[in-house]
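>>> Here is a sequence with its predicted model. Questions after.
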Amino acid sequence: MSLKWIVSIFLCFVSFGILMSSKSVLYTVEAILVFNIPLVLLIMIKVYTSEGMEWDYVKESVMYIYHTPSYSAFSTALFLFMGSVNLIIFNRVFPKKQRITWLQVGLIFLVVAGSAATTYFAPAGYHGFEHVDTLVHPWTATSDSIRLKFGFIERVLFIFLTLYLAVAFLNIVIHWHVMMEVLKKVIWLKWFKWRERNLTPYLFIIVLWFISLPVSSYLTEYQVTLYTSYFFQTLPASLIAIFLMLWFINRRAKT
């Protein structure tokens, strides 16, 4: 199938997702999370119980804690915490103050710590700590190294790609939905109507389609990786700028 057809099909689902209400997007997040938890647990169990896991490499990667992380590694890891920025839109779904117990905090910490540890240690354990950085897609190669001996799907790669596709779709829907809601507050064409329905959001969707289709065909895998690294390197400065802007807006609103 042509790449443009694949991107177009993906964009159809994403466009429908970002036009939903914020509450519906959160329901979608919840549904995908519930359906993917068994896949995550299955992959984690197979990772740690497979014979291909070399624990000596894992111990070596643990000792790397004494090395100071580079700026690129720090800025990339910071992306894990950028989801809180989306609360500028999703906080309106929670009009009442939310209370989280220490038990819930502990459960969240265990899940996040286990997921982050598996993401870091598993590729090193299967491919060697000294050579894992040469892999373009470490987890794709890692999941392809694991087999389900008695499963109807032998290769864990197909399960991982299903999970990866779901997470990618969810990530795009969340960020594009937030972007759409922010744009609606900045640019709203009151005269752009048809049958009493404002078409400004659909105009944004058309612009996204016209950008996504040519870009997906033009960029190579190397260029995508390179530009993504540039994006990660700008995250610390962007995060500081966002917090300063929100602090300034909140201060002006109080005065």
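Done, it's in. Numbers count the residues shown, from 1 in each chain.

>>> contacts and neighbour counts: CA atoms only from here.
Fine.

>>> And the residue nearest the centre of this protein?
The residue lying closest to the centre of the chain (C-alpha atoms, centre = their mean) is residue 171, at 4.3 Å.

>>> The helix or strand where it lies - contacts with which helices or strands?
According to DSSP states H and E, residue 171 maps onto helix 156-186. Contact here means 3 or more C-alpha pairs under 8 Å, 6 or more residues apart in numbering; DSSP states H and E; on that basis helix 156-186 packs against helix 3-18, helix 22-49, helix 87-90, helix 138-143, helix 200-218.

>>> can you put the ones you listed in TSV and add mean pLDDT and distance to residue 167?
As requested, those are exported to TSV (pLDDT from 0 to 100; distance: least, C-alpha to C-alpha, whole Å):
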stretch	mean pLDDT	distance to residue 167
helix 3-18	86	12
helix 22-49	87	8
helix 87-90	84	19
helix 138-143	87	14
helix 200-218	86	19
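
>>> Tabulate those (JSON lines), appending distance to residue 71 and mean neighbour count.
Supplementary listing: those in JSON lines, determined by distance: least, C-alpha to C-alpha, whole Å; neighbours: other C-alpha atoms under 10 Å:
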{"stretch": "helix 3-18", "distance to residue 71": "33", "mean neighbour count": "15"}
{"stretch": "helix 22-49", "distance to residue 71": "29", "mean neighbour count": "15"}
{"stretch": "helix 87-90", "distance to residue 71": "26", "mean neighbour count": "14"}
{"stretch": "helix 138-143", "distance to residue 71": "21", "mean neighbour count": "19"}
{"stretch": "helix 200-218", "distance to residue 71": "28", "mean neighbour count": "14"}
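
>>> Can you add distance to residue 62 and give those back as JSON lines?
As requested, the helices and strands packed on helix 156-186 are exported to JSON lines (distance: least, C-alpha to C-alpha, whole Å):
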{"stretch": "helix 3-18", "distance to residue 62": "39"}
{"stretch": "helix 22-49", "distance to residue 62": "16"}
{"stretch": "helix 87-90", "distance to residue 62": "34"}
{"stretch": "helix 138-143", "distance to residue 62": "18"}
{"stretch": "helix 200-218", "distance to residue 62": "38"}
